[in-house]
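Trainee: Sequence and predicted structure, then a few things I'm wondering about:
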Amino acid sequence: MAEVVSIGDILAVVALKEVKTKVGGGVPIFIVEDIEEQEKIAMILGKILNAMVHNLENGMYIVTRH
Amino acid sequence: MEDYGLTIIVGLTVGMLARLLMLRSDYRHFPGYPHGYVTHISLGFVAAALGAVAVPALVEKEYTAVTFLALAAQQFREIRNMERETLNHLEEIELVPRGKDLVEGIARVFESRNYLVIAASLQASVLTYFAGLPWAVLSSGIVLWIFSNYLAKGKVLREIADVVPSQPYFGFAGYKTLLMVDEVVIMEVGLESARKKIMEEGLGVLIKPKDDNARATLHQVGQRQAILHTVSNLIGTKKEVGEPEWSPIARKNIDTGEVALFILPNEPDIRPLIQAVNITPVLESSRTTPLESKPGKLAQD
């Protein structure tokens, strides 16, 4: 709500299957086949969770709430 | 008591006129809601009455009447709380909030306007009683003119900063997802579709402070939030619940003190955006003047 942004929680990670070994931990991880599917899943997750989609540019998208 | 009739009526009328003149309804002079008007006019009437009856009371040697003024001060502090509470409640569901600084600023303005009303009606009744009606009318005219032209108007951003257009873009130093305005990172936008929309419709401006005082003012987050709120209110924003990609954001260039502002407006037209930033009030609580201190002057160069 406030304009001052602090990164909230990472709600989900959408990772390409090539880089799935690079991620782990306590958040749901969605493994996808290609960039097209990744973009789509990330967008839908963002809409469902009312959250922002960020691209780490290493084959992973994260969904976070600010 | 007959003799005081005119004195009280003149004082009351001038006080009410003063309140009405200062009751602007443009966007930043909240209320702008019909019931807000009723409240403020009623309290303005109380203030005007207090100023108007002070003279007859003193002339009749009823000195205890002055204690009423203390009561009035208490009453008007209440107004400040009332405004603050109302605005804070609204704030919770505002998509682009006003920010605490703007809320405090508005509340303070409404309290002080009631003191101005007391002053106006007091001078009117003093002059009516001791110098006669014509003098009271003349002096009241001058006082009201000063109130509405100077006291009820604060500074606006145009006076402390230059606002220039600056197109937002992606791709600074190879980071294709970072949204930039000038050299300032605004945010990271992950989705290709969102980036495309922002490139097509997003607008940006650069707010360049004119001196170090202005730089210190723009450094205040509350001031920047007030700019965002004003701009979003005046030209509209596509920001929506659950769609943080379209949030208007203002960030400081840490090296120059310039503020980069990004917004996804309803209509992609840069001129109204610049105008809206220009007329944003400079908040009392954000206004700082380091240049008037020794260290501030030394730090200037």
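Mentor: Looks like it came in fine.
Trainee: which residues sit against the helix or strand containing B:Leu298?
Mentor: Element membership of B:Leu298 [criterion: DSSP states H and E] is helix B:294-299. Residues from elsewhere that reach helix B:294-299, judged by Cβ atoms under 8 Å, 6 or more residues apart in numbering or on different chains: B:Asp212, B:Thr289, B:Pro290, B:Leu291. Any C-beta I mention is one placed from the backbone N, CA and C, and that applies to glycine too.
Trainee: So B:Lys61 belongs to a strand, correct?
Mentor: No: following the definition DSSP: H, G, I helix; E, B strand; the rest coil, B:Lys61 is coil and is not counted among the residues of a strand.
Trainee: If you drop the residues flanking it in sequence, what lies closest to the residue in the stretch 1-150 of chain B that chain A sits nearest to?
Mentor: Of all residues in the stretch 1-150 of chain B, the one sitting closest to chain A is B:Pro97 (6.7 Å; Cβ to the nearest Cβ). Excluding its sequence neighbours, the residue lying closest to B:Pro97 (Cβ to Cβ, 6 or more residues apart in numbering or on different chains) is B:Glu91, at 5.1 Å.
Trainee: If you tally nearby residues, what's the number for that neighbour?
Mentor: Taking other Cβ atoms under 10 Å in any protein chain shown as the criterion, the count of residues near B:Glu91 is 17.
Trainee: which residues sit in contact with it?
Mentor: B:Glu91 makes contact with B:Pro97, B:Arg98, B:Val103 under the criterion Cβ under 8 Å, 6+ apart.
Trainee: can you redo these as JSON lines with pLDDT and distance to B:Val10?
Mentor: Output for those, formatted as JSON lines (pLDDT from 0 to 100; distance: Cβ to Cβ, whole Å):
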{"residue": "B:Pro97", "pLDDT": "90", "distance to B:Val10": "44"}
{"residue": "B:Arg98", "pLDDT": "89", "distance to B:Val10": "38"}
{"residue": "B:Val103", "pLDDT": "89", "distance to B:Val10": "36"}
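Trainee: Restricted to helices, list those.
Mentor: Using DSSP state H, B:Val103 are the members of these that sit in helices.
Trainee: So which of the contacts of B:Glu91 wins on neighbours?
Mentor: Of all the contacts of B:Glu91, the most densely surrounded is B:Arg98 (24 neighbours; neighbours counted as other Cβ under 10 Å).
Trainee: isn't that one right up against B:His229?
Mentor: Yes: if you go by Cβ atoms under 8 Å, B:Arg98 and B:His229 touch, sitting 4.8 Å apart.
Trainee: mind checking how far the one helix or strand B:Gln123 maps to is from the chain centre?
Mentor: Using DSSP H and E, B:Gln123 falls within helix B:100-130. The chain centroid and the centroid of helix B:100-130 are separated by 16 Å under Cα atoms, centre = their mean, to the nearest Å.
Trainee: Could you list every helix and strand in contact with that helix?
Mentor: Other elements packing on helix B:100-130 under the criterion 3 or more Cβ pairs under 8 Å, 6 or more residues apart in numbering or on different chains; DSSP states H and E are helix B:4-21, helix B:34-59, helix B:67-91, helix B:133-146, helix B:221-235.
Trainee: any chance of those helices in CSV, with mean pLDDT too?
Mentor: Listed next are those as CSV, based on pLDDT from 0 to 100:
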stretch, mean pLDDT
helix B:4-21, 89
helix B:34-59, 85
helix B:67-91, 85
helix B:133-146, 89
helix B:221-235, 93
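Trainee: follow-up on the earlier one: what residues sit buried inside the helix holding B:Gln123?
Mentor: Residues of helix B:100-130 classed as buried by neighbour count (16 or more other Cβ atoms under 10 Å in any protein chain shown): B:100-114, B:116-129.
Trainee: No further queries at this time; thank you.
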